[in-house]
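> Predicted structure and sequence below. I'll ask about it afterward.
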Amino acid sequence: MTNRPTLNRWMTGAHPDHPLLPLMGDTQADELLDGFEVMLTSLEKANPARLSDKIKDFAANRTFKTVLDMRAELLIAHRLAEQGIEFDFGDTSKPNPDILVNQGNLGIEVTARRPDGTHLLVDALEEALTPYEGLSLVLTYTTYPHRIQSNVREAFVEQVTDLLRDGAGPGAKHPMTFLNSNNGGEVTITAHIQAAEDEQIRVQEKVDSTELTGTFDIVKNALTLAWNDKAKIKQAEAVPSILVVDAAMLGAAPMRSLEMTAKILAAYFPPDCPFKAMAVMFPSLDTLDVSFAFALHPSLDEADATPIHSLMAKLADTVTQVTVEP
């Protein structure tokens, strides 16, 4: 697809630093850009409320992270439009989730928040990788840190940069141990240099644990940050909502299976969580395919659970839900 009129309209007046601008004529980015064209075209046809606000937000993006964060929300909206489900974008002038469905009686809130410092570490390492085409990094933690202090981040980035500058290639790795102030224990972070498989996401994170829940710590932390966020609590109280974590944007390596992810998610669901359901979203960046694992609030009755089951089944190519008795 070389002609993308809808994407071009959404890019009108884009910020000069918008990361999609230099890709508009790059054939290697065709799959990503064509996906946007399909999504944005379906959204214009659906014409949900406050679409014009989303168009402004899209043009204002300045980093790949914010573009891909927004892509997750737009992908869900696109899947709703494909299924003929009426929806609106949330009203940001008051507590509202990102997307409203069922005549505003059910909301979808999308998040990919990292703890303080980890996203800055990933951003800094992505910048350090810029001169080294064809390489990527996988960061492994012995325990997922709740915070990475600036001095630790700067030292680690400098050490990894030196490794790259010295010609290190796939297979090389560099460890660093620091104190995780939240739990008082030590955390070892290791940068593994690999051949790049995706030029859009060049740094990924995972927890190097022998337990099944190890990698899920990254997703669990994003969920915890969201349901302890005062603004998101107000959103969930205003409209019964599903909290969706975009695992791809967290850089979280996929769990062993959707079923296992759903089991861990269900077992982790706290009774005081303000959301009616939690979901982990695994989107593809090359296609518009997406898979979900989700769990319902342990106190949810059948009447409230039915519309959520129906919605999730229509959103995904693959969806898995496991019920754990309260």
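Yep, that arrived. Residues are numbered from 1 along each chain as shown.
> Next, count neighbours for the closest residue to Ile108 other than its chain neighbours.
Nearest non-adjacent residue to Ile108, counting by Cβ to Cβ, 6 or more residues apart in numbering: Ile99, 4.3 Å away. For glycine as for every other residue, the C-beta is placed from the backbone atoms N, C-alpha and C. By other Cβ atoms under 10 Å, the residues close to Ile99 number 23.
> For Ile99, give me its contacts.
Ile99 is in contact with 73, 76-77, 80, 87-90, 107-108, 110, counting by Cβ atoms under 8 Å, 6 or more residues apart in numbering.
> Then Lys54?
43, 70, 74, 89.
> Put together TSV for those residues, with distance to Ala266 and pLDDT on each row.
Listed next are these as TSV, based on distance: Cβ to Cβ, whole Å; pLDDT from 0 to 100:
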residue	distance to Ala266	pLDDT
Leu43	32	97
Met70	29	92
Leu74	28	96
Phe89	29	96
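> Show me the residues you listed that map onto strands.
Among the contacts of Lys54, DSSP state E puts Phe89 in strands.
> What is the nearest of the contacts of Lys54 to Thr118?
Met70 (20.2 Å; Cβ to Cβ).
> Spell out, range by range, the helices that occur in the protein.
Taking DSSP state H as the test, the helices found in the chain are 5-10, 30-46, 51-60, 64-82, 118-129, 150-165, 216-227, 230-238, 247-250, 258-268, 302-315.
> Going by mean pLDDT, which of these comes out lowest?
Among the helices of the chain, helix 247-250 carries the lowest mean pLDDT, at a mean of 68.
> Show me what the residue nearest to the spatial centre of the chain bridges to in the sheet.
Note on the chain: the residue nearest the mean C-alpha position is Asp246, at 2.8 Å, using Cα atoms, centre = their mean. For Asp246, the beta-bridge partners are Met281 (DSSP bridges).
> Next: Ile193.
Those that pair with Ile193 in a beta bridge, by DSSP bridges, are Leu137.
> right, and it touches Leu164 too?
Yes: the criterion here is Cβ atoms under 8 Å, and Ile193 meets it with Leu164 at 7.5 Å.
> what's the overlap in contacts for those two?
Common neighbours of Ile193 and Leu164 (criterion: Cβ under 8 Å, 6+ apart): Leu135.
> circling back: name the member of the contacts of Lys54 with the most neighbours.
Leu74 (24 neighbours).
> and the residue nearest to that one when sequence neighbours are not counted, what does it touch?
Using Cβ to Cβ, 6+ apart and skipping residues adjacent in sequence, the residue nearest Leu74 is Met39, 5.2 Å away. By Cβ under 8 Å, 6+ apart, the contact set of Met39 is 71, 74-75, 77-78, 288.
> any idea how far Val138 is from the closest residue to Gly171 other than its chain neighbours?
In this structure, Gly171 finds its nearest non-sequential neighbour in Ile193, 6.9 Å apart by Cβ to Cβ, 6+ apart. Computed with Cβ to Cβ, to the nearest Å, the distance linking Ile193 and Val138 is 8 Å.
> And these two? Which one has more around it.
More crowded of Ile193 and Val138, by other Cβ under 10 Å: Ile193, with 21 against 17.
> how close does that one sit to Val122?
15 Å.
> now swap in Ala46 and tell me
In terms of Cβ to Cβ, Ala46 sits 33 Å off from Val122.
> neighbour count winner among these two?
Remark: of Ala46 and Val122, Val122 carries more neighbours, 22 against 18, as counted by other Cβ under 10 Å.
> my guess is the more buried one contacts Ala191, does it?
No: in this structure, Val122 is not within contact of Ala191 by Cβ under 8 Å, at 11.0 Å.
> Identify the contacts common to those two.
Leu139.
> mind exporting stretch 190-203 as PDB, just the C-alpha atoms?
Extracted C-alpha coordinates of stretch 190-203, given in PDB (Å, rounded to 0.1, in the frame of the first residue of the first chain):
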ATOM      1  CA  THR A 190      22.000  -8.100  32.500                       C
ATOM      2  CA  ALA A 191      22.100  -6.700  29.000                       C
ATOM      3  CA  HIS A 192      22.100  -9.400  26.300                       C
ATOM      4  CA  ILE A 193      23.100  -8.300  22.800                       C
ATOM      5  CA  GLN A 194      21.100 -10.000  20.100                       C
ATOM      6  CA  ALA A 195      20.400  -9.700  16.400                       C
ATOM      7  CA  ALA A 196      17.500  -7.300  15.900                       C
ATOM      8  CA  GLU A 197      14.200  -8.800  14.900                       C
ATOM      9  CA  ASP A 198      12.100  -5.700  15.100                       C
ATOM     10  CA  GLU A 199      13.500  -2.200  14.300                       C
ATOM     11  CA  GLN A 200      10.600  -0.500  16.200                       C
ATOM     12  CA  ILE A 201      11.200  -2.200  19.600                       C
ATOM     13  CA  ARG A 202      14.900  -2.800  20.100                       C
ATOM     14  CA  VAL A 203      15.100  -3.200  23.900                       C
END
